Each structure stands twice: as structure tokens, then as C-alpha cells.
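1. fold the following and give me the result.
(chains A, B and C)
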Amino acid sequence: MDSALIPEGVKRCSFGKFIFWLVIFGAVLLWGIVAMLLCWFKGLNQTNMNDAYGFALWIWADLAVIAVGGGAFFTGLLRYIFGKDELKNIINFAVLIGFICYSSALLILAIDIGQPLRGWFIFWHANVHSMLTEVAFCLSCYFAVLTIEYIPLILENRQIDRVPFFHNLSHNMHGVMAIFAATGAFLSFFHQGSLGGVAGVLFGRPFAFREGVFIWPWTFFLFTWSAAACGPCFTILITWITEKITKKKLVRKNVIMLLAKIAGWMLATYTIAKIIDTWYWATVTAPAAGHNFMDFYSNNPLYGIWILVLEIVICGVIPSIILITKTGRRYSFLLVGAVFLGALGACVNRWVMVLQVMAVPVLTFESWFMYFPSWQEIATTILPVAYGIMLIMISYRYLPIFPQEREIEEEKHASIFV
Amino acid sequence: MKEQHKHTKAKKYGMVIDLDKCTGCGACMAACMAENNVSFKKDESDKLLSITWMRVYKLTNGKKFPEADICYLPRPCMHCEGDHGHAPCVSVCPATATDYSHETGIVSQIYTRCFGCRYCMAACPYHARYFNWWDPVWPDGMEKYLSPNVSPRMRGVVEKCSFCFHRYQLAMDKAYIEGRRELEEDEYQTSCTQACPADAIIFGDLNNPGHAVTQIAKPDHKHGGRPMNPNAFRLLERLGTNPKVYYLSSRRWVRRAGDNYIKDERG
Amino acid sequence: MLPFSFEWLWDISHMVFMGGLWYALTILGLGMTYCIIKAIVDTAKGKGSHSH
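-> Below you'll find the model as predicted:
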């Protein structure tokens, strides 16, 4: 039915099956939209946030999707600036994932603010000393970069490409993509970092506060570093999931191996830096504010030392070892397990740096603050997941996202007849 | 404004709260709510959703009878000075909706500028900032009792104690009309100060050696306003927030409850 | 954001921060303008009309 729109030389599932799944995820999306409208029209009393939890699930979701969406900027940096040419075979998908992640983050932010119609104040009345201002500016600008990177992909659709203007536009945009990618990397460095700075500058919150260099706390650099490490992990993970669902190889193994190896070294160095940061914070920064290290991990029903072990050892040390060793990368289950843990590590880190910061009592006569999100918060957080899946489904079906797909399919076809 | 600087000395308004005198009656809380048009709901049982610019905490020493002891601690906004006005909440506000005044030492909140990101709430260790989760609604007829000097806040913005800043403005207006540029100590007092039946709250200019707050707390301005009165302390002083609310207590456990100490650390 | 908003100051913070922002926006704006104008010129020249 829609075969004229599908890229040449590749196979796709039936239109009926495609629509069926689109409707299923569309229903989830609708559920999220209902919750979103409730929050917009009735206000944030629809959430379970309170005066102790000004930042909660949504801010975590924002930080997490931007961290795992970091694959786009880092892969772009490697491909266009450091000349890792093989990565051209995964960059489109990395851009698509990044586009989904960043658009989701902007949407969640638009729901999260108490006065959404005043959202533009952050730009107009900008306080240049606030980390959140830096986040808003760089995030919006980088979303523009991702849109610019995604547009040529749309223009490469078989039917759109027939229009000479669009064909030429796409060609020209590819021609200057390195400049856009470099600008994107510059913006990403700052907003990934300033998202880390959001927590790190809170000198009233000993669990979050970190010293640093000039105006930037150590978390600034750690967040950028972890996004560069965990972003590619997430790209590999989603590629693997897409391959499993479509039941075909979409990216050659050498491309995945290269990206996994780079991600592995980034993750390993990040983990070392994180361990040093944690050690210094636990032995110097926090005690200076009168806190024992274990104050942050006891006397509450959720946050035990396990969360630190999960973040640093299980989601840091273990995947690093797997990804930097050739043997580890060779076994598919180890590789997939490692990239899953790597991406999870970034999410756990963001959780800790948002939710646990709010939970820890600072005044001596207060106790731990616990929180569980309302269904509206959960629905609006799942909304971007459904939207992301739908956009991947549509993009995969109609756009040449995976440049190697056709030749892999042809080779497979040829080998059957040899 | 720059012109005005030449004629008026920079103030540093602050408070001293004598915890030995405080009975925990809550008159300061009630006065504050009435004075500042603080909205309320039918059900105020969840204190994490209540707006209380001034909140009285109950502290206990955790000991059993006969050593058991309690203390009530009123907590307004601390109007932190941080390091040269670098208050925890002010520096983080992305839209410049909260500001540290070097003229008065008061941390302001511009309600119509705030877009409700709540970063300032995350930054404040005292939980002195409150979000308007609901539309402000007063029982029928009660809106007639609202103060015309304080704007009510809309849903979706953050609010907090302003040290009754409108009273400062009114007092300054009066002084200007009378040809004065400086205020007498009693011309500008917060509503909680005046409402306290035990005289536990004292308010004034910490830069003015003649004001009671300065004489009692004896702030050492060379060392971040640290009190030189041995019975005076500030909440979470070690964090470097440099608050302008001082507490007094003759009881060591109360003074120690003002800050965190690592195991076996003396304080 | 602009020197017209009243909280704007000509200090180092604003110059570095806003300088970086406008620098990035200029690159993106000029880059896209170049791509679009060149695409119009190329199309007028008849390029891309026989593409697949």
C-alpha cells in the first residue's frame, strides 16, 4: 500500500502490521497526552511533587534522556571531527535517537514548569549565572542542530527526494554537516556539563555539592564525560533492539565494535574519575559540611549503599571491563549486557543526583523525604518512550536510516544462491 | 538608584530569635499568613503542601524523662547573603526572578517573573521556599480582608518570606515625605516580630550597631557574619549560606541542633 | 537575552555566555541560509532533476 514510500531494495513488514503497532503505541501516547493536558490545565497539583520535592521524576527523566541521547553528539564528533568514517553507518540512527531524546526533554520541561506560558522568560530574562539558563540555551540550540541533522534524512525519502529542490537541499546540508556537527558538539559539551552543574552548584545540599574549576563544579565534567560514554552505549542498545525486532542485521559488526570500544574507554575513564570524585566528596567535601558518608545511605527505606554499588561497580566497572576487552566485545550477550548496564548507569547517576539530593535531610531536625510519582507523572514520562518508538518505526520504514541495510540484505540474498 | 546609594548606608536586615523564650504558640505563623496574603486550602494536614513563610519546628533532645527537653524553632526565610550576595537560591534562578538586595540584604521574589521551575527550592536547604501547587482561593468574603500592600501569588510560582518588605517600602515612603533617608529601628518591623507575645523575635539592621539585633547577635562581618555571642548560632552555618537569622539558646543541645557534625566532632 | 532587556549588563559573564550563544546561532543560521540559497540556485540550474 505504501511501497512507493519505502526505500528501494529493502524489505518492510506489511502495512497492516505497521499500522497495528502504531495504534498500540499511539494509545500509550494518548494516555500521556491526557496526563500532560491535565498538568497544563489543572496545574502541578496533579503530581506527587511537594515542597521538599521541587525536582522529581520529570527532572530525572530530562537528565536521563539527555544523557543517553548523548550518542548523537559524540558519534557526530567522532565521525565529522575525528574522522572515524565507519561511523557514518550508524550516525543517522544516533541522530534520530538524539532527536527523540532532546524533543522529549523539551516537552517534559514544558510540562514541568509551573507557568508554561512564561517558559520564554528563561531566554528573555536570562540569568547568565544559573546553570539552568545554560541548559535551556544549549539544549534548545542543540535541538535545532539535531533538527538540521534529521532534516536531510527526511528529504532522502524516495518520494521527497524526487523533488529537485529537496534533493539539492539535502545534498547541500550533507556538504556542510561537519560544521553543524562541530557546533552541536560545542553546545552539547556545555549543556551536558551544565546539567551536571545544576546539582553540583547546590552548596546548600551537601549530597550534591562538589568543588570544581572556575565556575564549574566537578559534576559539570563528569556529566559530559558520562554522556559521551553512555550515549553511544544507548545507541548500540537501541540498534540491537531494532535488529531483533526487524529480524535483520542493520549495521555491520565492525561499526558496532568500533563504537563499543570507544564507549568502553570513555566509560572506563569516566568510572575512574567518578570513583575519585566520590572518594574526595566522601572524605573531604561532605565531612566539611558536617556529614558522615553513611548519613547519605542510611535510615531510610530506599537509599542504601547498594545504589552507589549499582552505579559505580555494576553499571561502571563491569561494563567498562567488558567493552574495553576484545573478548568481551566479541560475545553478543556480553556486549549487549554491557551497553545496557552503561546506559542504566547514566540513568542511575541522574536519579541519584536529582531524587536522592531531595531526599537527604539537611536540617538536623528533619528526616528523609520519600516520594512516589503520581500516574500523571508516570504517564507523561512514558509518553516520550511511546513517541520515540513511533518515530523510530516511521523513520525506519520510510527513510534510509541504515545505509548498510541494503548491501547486507543483498549479500545475504546472494549467499543463499551461491 | 545609584544616586540614592550615595545618601543611604547599605542595610543588612536580619533577625534574632530567642529560642529560650519561644513557647511555640504559632502567633508568628498566623500573623505572617494574614500580613502577606498567604493562601491556604481546606485540608492543610500535609505540611509539604502547605505554604508557611514562617514555620515553627518542634525539636527534641531525644532523651527520656527526666532529661527530656523540647524547643520550638521558628523558621522564616534566612535571607542568606552567601558570599557577597551569592545566596543559594539567587544564583540558580534562571529568569532572575529572585534577587539579593545589597541595599537591604533582603532576598526578593518577583512572582510575575517566576515561571515555576523550582530550582530555587532545590537549592534552599532550609525549605523556606514554597510552591503554589493550587490556585489561591480564599473563603467567600475573606478576600476583603486581604492586604492591599501585598500581591497574592498565582498558581505555579514560588513564594517565600520577604521580611515584610512592603513594610520597608511604606516606612521609606513616609521617611522620604518627611525629608529623611534613614529609618528608625521601630519604623520597620516584620509582622512576626510584632506578633510574638514572648518578645522572642527581634528584627533590625545588622549593620547598625545601635540596633538590638546587632547588640545581641554581635555579627562578625569580617568572618561572614558569624555571631560572637556564645549563645547565638545560625542554621547550617557550615554550608556557607551566611544566613541573616540568628538564634539564641542557653542550651547546648539546641545550639548543636542548628548544624550537622560528623561523629565525635565537637560543636 | 538582548541588550534591550533591562537586566542585561555589559559584563564579562554576559559577553562570554551570550557571545557563545549568538556565535552558535549565527553559525546555524548562516549555514542553513547557505544551504537553502544554494539549493534554490542549483534547482534553477536544473541540478537534481534527474535524480532517482
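
2. what helix or strand is the residue of chain B found nearest chain A located in?
-> Closest contact between chain B and chain A, by Cβ to the nearest Cβ, is at B:Gly116 (2.0 Å). For the C-beta atoms, the positions are set from N, CA and C on the backbone; glycine is no exception. For B:Gly116, there is no host helix or strand (DSSP states H and E).

3. any low-confidence regions in the chain?
-> By default, I'm working from chain A. Within chain A, the segments meeting pLDDT under 70 span A:417-418.

4. switch to chain C, please.
-> For chain C (pLDDT under 70), the answer is C:50-52.

5. which parts of it sit against chain B?
-> C:Glu7 (Cβ under 8 Å from any Cβ of the partner chain).

6. right, and chain B sits closest to which residue of chain C?
-> Nearest residue of chain C to chain B, counting by Cβ to the nearest Cβ: C:Glu7, 5.1 Å away.

7. any idea how far apart the tips of stretch A:357-371 sit?
-> With Cα to Cα, to the nearest Å applied, stretch A:357-371 spans 12 Å between its terminal residues.

8. give me the buried positions along it.
-> Buried residues in stretch A:357-371, counted by 16 or more other Cβ atoms under 10 Å in any protein chain shown: A:357-363, A:368-369, A:371.

9. one more: stretch A:214-222?
-> A:216-222.

10. give me the element residue 23 is part of.
-> Here I'm looking at chain A. In this assignment (DSSP H and E), A:Val23 forms part of helix A:15-42.

11. not quite, I wanted chain C
-> If you go by DSSP H and E, C:Tyr23 is part of helix C:12-44.

12. quick one: that helix near chain A?
-> Yes - using Cβ under 8 Å from any Cβ, helix C:12-44 reaches chain A at C:13-14, C:17-18, C:20-21, C:24-25, C:27-28, C:31-32, C:34-36, C:38-40, C:42-43.

13. ok, A:Met1 touching A:Lys17?
-> No - checked against Cβ atoms under 8 Å, the pair A:Met1 and A:Lys17 is beyond contact range at 11.5 Å.

14. give me the three-state assignment for B:Trp133.
-> When classified by DSSP: H, G, I helix; E, B strand; the rest coil, B:Trp133 comes out as coil.

15. same question for A:Met266.
-> Under three-state DSSP, the three-state class of A:Met266 is helix.

16. looking at the buried residues of stretch A:357-371, which are in helices?
-> Those of the buried residues of stretch A:357-371 mapping onto helices are A:357-359, per DSSP state H.

17. so where's the stretch 151-267 of chain B uncertain?
-> Within the stretch 151-267 of chain B, the ranges that satisfy pLDDT under 70 run B:267.

18. what segments of it are strands?
-> Applying DSSP state E, counting those that start in this stretch to the stretch 151-267 of chain B gives strands spanning B:158-159, B:201-205, B:219-220, B:226-227, B:232-233, B:245-248.

19. got TSV for those, with distance to B:Asn36 and mean neighbour count too?
-> Below are these laid out as TSV (distance: least, Cβ to Cβ, whole Å; neighbours: other Cβ atoms under 10 Å in any protein chain shown):
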stretch	distance to B:Asn36	mean neighbour count
strand B:158-159	8	25
strand B:201-205	15	24
strand B:219-220	26	18
strand B:226-227	27	18
strand B:232-233	27	22
strand B:245-248	17	26
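
20. so which of the ones you listed is nearest chain C?
-> That would be, of the strands of the stretch 151-267 of chain B and by Cβ to the nearest Cβ, strand B:158-159, which comes in at 18.2 Å.

21. so where do the strands sit in chain A?
-> Counting by DSSP state E, one finds strands in chain A at the ranges A:212-213, A:216-217.

22. quick one: the last one near chain C?
-> Looking back up the chat, that one is strand A:216-217. No - counting by Cβ under 8 Å from any Cβ, chain C is not contacted by strand A:216-217; separation bottoms out at 12.6 Å.

23. partner strands of that strand, parallel or antiparallel?
-> strand A:212-213 (antiparallel) (DSSP bridges).

24. now the partner strand, how far from the chain's geometric center?
-> Chain-centre distance of strand A:212-213: 25 Å, with Cα atoms, centre = their mean, to the nearest Å.

25. for A:Tyr297, give me its contacts.
-> A:Tyr297 sits next to A:303-305, A:307-308 when contact means Cβ atoms under 8 Å, 6 or more residues apart in numbering or on different chains.

26. OK, contacts around the nearest residue to A:Ala94 once chain neighbours are set aside?
-> Excluding the flanking residues, the one nearest A:Ala94 by Cβ to Cβ, 6 or more residues apart in numbering or on different chains is A:Thr75, at 4.1 Å. Contacts for A:Thr75 (Cβ under 8 Å, 6+ apart) come out as A:87, A:90-91, A:94, A:231-232, A:235, A:259.

27. look up how far A:Ile148 lies from the spatially most central residue of chain C.
-> The centroid of chain C falls nearest to C:Gly29 when counting by Cα atoms, centre = their mean (1.5 Å). To A:Ile148, C:Gly29 is 11 Å away according to Cβ to Cβ, to the nearest Å.

28. ok, A:Leu267 next?
-> Distance of A:Leu267 to A:Ile148, given as Cβ to Cβ: 29 Å.

29. okay, the two: which has more neighbours?
-> Neighbour tally, A:Leu267 and A:Ile148, criterion other Cβ atoms under 10 Å in any protein chain shown: the higher count belongs to A:Leu267, 34 against 21.

30. contacts only, for that one.
-> Per Cβ under 8 Å, 6+ apart, neighbours of A:Leu267: A:229-230, A:233, A:316, A:319-320, A:323, A:342, A:345.

31. mind listing what's buried along stretch B:48-55?
-> By neighbour count on 16+ other Cβ under 10 Å, the buried set for stretch B:48-55 is B:49-55.

32. any part of that stretch near chain A?
-> Yes - contact of stretch B:48-55 with chain A (Cβ under 8 Å from any Cβ) involves B:48-49.
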